[in-house]
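Asks: Provided below are the primary sequence and the corresponding predicted coordinates.
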Amino acid sequence: MKKIISILFAIAFTLVGAITLSACGNGKTGVDIYNDIKAQMEVMLEAGSPFKTASSGYVTSNYMLDNFFKKQDNSTKVDYGYQNDLIGLGLNYIEKYYPKVQDVAVHNSAKLLNSLNEMMINYQSLKEEYQSTKKISNDEDMTIFNGFMAKYGEEARMFSVKVYNFANELAAYLEKDIQFTATNVSAEIELYIDSRLMEIYSDYNDYLMVNCKGAIGVLPSNITLLQKSKAKTTFTDYEIKKFTAVFDALKAERKLTQTALNKFSYYDYKVTYNGDITAYQKSLPLAKAYLNQIDKYYLASANFIQLTTNFMTDEIYQ
């Protein structure tokens with residue numbers, strides 16, 4: 001009996017050790033984590049990938065979706081949706097900053113690597129639907145053509161969610177120990193500012209791809225125009241306190257907005273209820289309060305994101 005108990009304790013100890021090791025990233029070094037990410041980023045640019053190097057508006061990326069169109073009529077094709085821009089913006093951030101995992105102190109990498117794996121699972125589904133679209137002729141009937149594209153668009157929508165999950169985990173991992181002062185090197189300041197801008201793109205991904213199901217809503221061009229801007233390389237301590245306070249204020253509003261997005265469907269509001277908030281309130285009593293928060297954050301003429309990006313243009317970018 002004692003022998004059985006000892007074996008059970010030994011097994012339990014081994015399991016606890018395995019769980020602890022996993023939580024710390026399986027003992028991986030910064031170079032190991034870098035190589036894990038690098039290998040997957042390279043997979044997404046292999047032959048047969050749905051990605052190509054291209055531009056859409058102000059967005060230029062190695063990760064723009066190929067063949068991402070729908071037919072407006074039997075002879076006219078138009079861009080399918082904002083999946084293209086948002087995926088390009090998210091993967092641009094990842095491509096630029098994942099090499100830095102080699103340079104920061106190694107800490108808990110489990111969430112980072114799990115989000116990478118989830119992104120790549122969705123990538124494979126995206127790739128399969130992309131390859132399906134290559135089997136149909138451009139002369140195909142509009143209904144059939146758009147049916148194939150709808151599956152591709154849906155996989156792109158789901159993939160975009162995983163891209164921003166990983167991008168946000170990467171930002172959190174890289175920024176864990178950053179302390180900003182006027183003596184910070186420009187690379188650290190650039191990371192901080194680019195991460196805040198990526199979070200704004202992530203906000204729009206939450207709104208357009210998740211809450212609006214990729215079917216309605218607009219990604220404002222003045223938000224993507226910030227891709228053409230470059231942050232200053234030096235700031236005073238006062239300026240740093242000022243811009244971190246602005247981003248902290250946006251973060252607080254983001255938390256409230258995410259609660260609203262989790263409770264309220266802007267897609268249902270516009271499509272199911274035809275924009276009638278009174279009708280929506282019959283099934284969701286706090287619908288109007290949630291709509292007001294979403295409006296303040298994304299849609300009002302002086303919304304929180306717009307105020308923040310105006311500040312960035314005036315105070316942070318050259």
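Replies: Now that the structure is in, tell me what you want to look at. In this text the structure is predicted, and so the values were computed from the model without any measurement. Residues are numbered from 1 along each chain as shown.
Asks: what about G217, distance to V271?
Replies: Remark: distance between G217 and V271 (Cβ to Cβ, to the nearest Å) = 11 Å. Every residue, glycine included, has its C-beta placed from N, CA and C.
Asks: and if you look at S137?
Replies: 31 Å.
Asks: And the strands in the stretch 51-200 of the chain, which stretches?
Replies: Here the stretch 51-200 of the chain has its strands, by DSSP state E, counting those that start in this stretch, at 51-56, 59-65, 69-71, 77-79.
Asks: Looking at those, spot the one closest to I316.
Replies: strand 59-65 (19.8 Å; Cβ to Cβ).
Asks: Pull the residues that contact the closest one.
Replies: 44-45, 50-56, 80, 83-85, 87-89, 91-92, 95, 130, 156, 224, 227 (Cβ atoms under 8 Å, 6 or more residues apart in numbering).
Asks: repeat that with 6 Å
Replies: P50, F51, K52, T53, A54, N84, D85, G88, L89, L91, N92, T224 (Cβ atoms under 6 Å, 6 or more residues apart in numbering).
Asks: What are the buried residues along that strand?
Replies: Neighbour-count burial for strand 59-65 flags V59, S61, N62, Y63, M64, L65 (criterion: 16 or more other Cβ atoms under 10 Å).
Asks: ok, the third one to E140 distance?
Replies: Between N62 and E140 the distance is 29 Å, computed by Cβ to Cβ.
Asks: Could you do A171 as well?
Replies: Taking Cβ to Cβ, one finds A171 at 42 Å from E140.
Asks: For the two, indicate the residue with more neighbours.
Replies: A171 (21 against 15; other Cβ atoms under 10 Å).
Asks: show me what contacts that one?
Replies: Contacts of A171 by Cβ under 6 Å, 6+ apart are S195.
Asks: any weak-confidence spans in this structure?
Replies: 1-26, 180-184 (pLDDT under 70).
Asks: try it again with 90
Replies: 1-28, 73-77, 136-139, 148, 177-189, 232-234, 237, 318 (pLDDT under 90).
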